[in-house]
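1. Here you go, sequence then predicted model.
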Amino acid sequence: MTIIHPTAIVSPKAELGKRVTVGPYTTIGDEVIIHDGVEIRSHCVIEGPTEIGAECKIFPFATIGLDPQDLKYKGERSYLKIGERNIIREHVTIHRGTEGGGGITRVGNDNLFMVGAHVAHDCQIGDHVILANVASLGGHVTIEDHATLGAHVGVHQFCRIGKYAFIGAYAVLVKDALPYATTWGDHARCYGPNFVGLRRKGFTEEQIRIIHRAFRLLLQSKLNTSQAVEAIRAELGGQPEIDYLIAFIESSKRGVAK
């Protein structure tokens, strides 16, 4: 049974699934689709076009699906799509896309956005991602699966963060953050594999050894990035983790943090 508090304002154009809870003083605008089992606490604002997947939990004062903070935005139609089982804590802001960025902001499944985190227009976020308190993404940022951002991290527009990356608190990221690695500082630098995180995620010791060897070639040899990539390919190529790491580096447009 869907429960809407008497003080909440829900547009008749919004679509609410089964077992949705809407708390006091929350407002839900036109063209919002909320799937089954979503729990929305008090004082939230959700505008559309926005779709929120099943079993998400949204805490007080979150604002979701509002216009992008982009001076080029002139009111064109754009979208926000949020997957399932996301936890969106107090004061989190997630904005819709822009025409120049493809028109849509996407958030995958099973993510945690802690207090005050910001997801700007046209960001693309995978699954099992954590943004700690007040972590902020500029527009067009891509975060791949299982990445973690510490408190107060700032990510420049168009940057990418690879799978299983860990970005330390207060980092300022202006280049792509390498997968599997620990990166932090202002401006952020890579400090090698995220050993603790990889073990927690179930990587074997052999997988970790191979990743570690790749990072030694990339960060500690006297080779430039292109030369290091070729050395990694020659020595370790064919391993799924290594092939992904090479592809991530070679597809970077902003360069990678080393």
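-> In hand now; what should we look at? Numbers count the residues shown, from 1 in each chain.

2. in which helix or strand would I find Val229?
-> Following DSSP states H and E, the helix or strand that holds Val229 is helix 225-236.

3. what's that helix in contact with?
-> 210, 213-214, 217-218, 221, 223, 242, 245-246, 249-250, 255-256, 258 (Cβ atoms under 8 Å, 6 or more residues apart in numbering). In this view, the C-beta of every residue, glycine as well, is placed from N, C-alpha and C.

4. how about a cut-off of 7 Å?
-> Helix 225-236 is contacted from outside by Ile210, Arg213, Ala214, Leu217, Leu218, Ser221, Leu223, Ile242, Ile246, Ile249, Glu250, using Cβ atoms under 7 Å, 6 or more residues apart in numbering.

5. One more: stretch 79-91?
-> The contact list for stretch 79-91 (Cβ under 7 Å, 6+ apart) reads 49-62, 64-65, 94, 96-97, 103-116.

6. Where does the prediction get shaky in the protein?
-> Within the chain, no stretch has pLDDT under 70.

7. And the contacts of stretch 79-91, which of them are buried?
-> Applying a neighbour-count criterion of 16 or more other Cβ atoms under 10 Å, the buried members of the contacts of stretch 79-91 are 49-62, 64-65, 94, 96-97, 103-114, 116.

8. Mind checking which of those land in strands?
-> Those of the buried ones among the contacts of stretch 79-91 mapping onto strands are 50-52, 57-58, 64-65, 94, 104-107, 112-113, per DSSP state E.

9. Looking at those, which two lie furthest apart in space?
-> Greatest spatial distance in these: Lys57 and Ile104, 22.6 Å, computed using Cβ to Cβ.

10. Would you indicate which residues of stretch 22-30 are buried?
-> Taking 16+ other Cβ under 10 Å as the criterion, stretch 22-30 shows Val22, Gly23, Thr26, Thr27, Ile28, Gly29 as buried.

11. Was I right to think the fifth one contacts Ala14?
-> Yes: counting by Cβ atoms under 7 Å, Ala14 is a contact partner of Ile28 at 4.9 Å.

12. Against which helices or strands is the host helix or strand of Ile246 packed?
-> Secondary structure from DSSP H and E places Ile246 in helix 240-250. Helix 240-250 makes packing contacts with helix 205-215, helix 225-236 when contacts are defined by 3 or more Cβ pairs under 7 Å, 6 or more residues apart in numbering; DSSP states H and E.
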